[in-house]
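# Give me coordinates for this.
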Amino acid sequence: MLVEAAGGGPAYVVATAAARHRPELAVANAQRWFAALGLEVEELPATTRSLAKSPEIAARAREGHFFYLVGGDPGIVPTVLADTPVWEAIVAAWRGGAALGGSSAGAMAIGAWTLIRDRMPGDERRRYRAALGLVPRIAVVPHLDAFGGTWIDGAIGAMPEKDTVLLGLGERTAAVFAVGTWRAYGPGAVEVITADGRETFRSGDVVEGLPSPA
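A predicted model of the protein is given here:
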């Protein structure tokens, strides 16, 4: 679906989340993955705040038809990209019809909140940090059928607003917003979790209870 949406235009991998952990490897992995699907992607450099403020890189982003945010560090993506010309250009391209997606920390950044470690070492206790806010009210919980599932109870108890929605995504599973509707795809579960309960959706289901992107 993402490859079709790219429509032959410029396609970019954004390795911000991997900035502290070999971003060149994350780019190479993405290039290899998407090449197998018939799409050639190049890096849109945005691993530092200065790069994200570059007018030249923002101009490239405005022409993009496809953007993929890699996984890595959930906290660094909003720190680097929020309120920058490059992120604003990506959003403008998306509003113009470009495909935009992310995995793990990249998906987490798209919501109103991202979940970062509350202590070091340790992964289960998480706290909320403001993210890029393209989809209001949500915090993405990736790897739901692996370690992400251990975050749920704590995340429910620490919700920053009463209408916060946790979007749980199983591995190799996606929630896709297209033509005004959220839909689940992949072999795992998509869960919509609020303070009042949780609902599970499977591949092909319309996902209810999620706000539309801003």
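# show me where the chain has helices.
For the chain, the helices defined by DSSP state H occupy 2-6, 23-35, 49-52, 55-62, 76-81, 85-95, 105-108, 152-157.
# Which neighbouring elements make contact with the last one?
Looking back up the chat, that one is helix 152-157. If you count contacts as 3 or more Cβ pairs under 8 Å, 6 or more residues apart in numbering; DSSP states H and E, helix 152-157 packs onto strand 126-130, strand 135-141, strand 165-169. Yep, even glycine has a C-beta here, placed from its N, CA and C like the rest.
# Now that we have those, can you turn them into TSV and tack on distance to Pro45?
Compiled in TSV, the helices and strands packed on helix 152-157 are given as follows (distance: least, Cβ to Cβ, whole Å):
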stretch	distance to Pro45
strand 126-130	24
strand 135-141	24
strand 165-169	27
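# Next, the buried residues of stretch 8-16.
Within stretch 8-16, the residues scored as buried using 16 or more other Cβ atoms under 10 Å are Pro10, Ala11, Tyr12, Val13, Val14, Ala15, Thr16.
# And for stretch 200-214?
Quick answer for stretch 200-214 (16+ other Cβ under 10 Å): Phe201, Val207, Gly209, Leu210, Pro213.
# quick one: the closest residue in space to the fourth one that isn't next to it in sequence from Val207, how far?
In space, and not counting its chain neighbours, Leu210 is closest to Trp182: 4.8 Å by Cβ to Cβ, 6 or more residues apart in numbering. The spacing between Trp182 and Val207, counted by Cβ to Cβ, to the nearest Å, is 4 Å.
# Could you tell me the end-to-end distance of stretch 46-58?
In stretch 46-58, first residue to last residue: 10 Å (Cα to Cα, to the nearest Å).
# do stretch 125-143 as well
15 Å.
# cool, stretch 101-112 as well?
Counting by Cα to Cα, you get 15 Å between the two ends of stretch 101-112.
# One more: stretch 185-202?
Stretch 185-202: ends 7 Å apart by Cα to Cα.
# any idea how far that stretch is from the chain center?
Put simply, stretch 185-202 sits 17 Å off its chain's centre (Cα atoms, centre = their mean, to the nearest Å).
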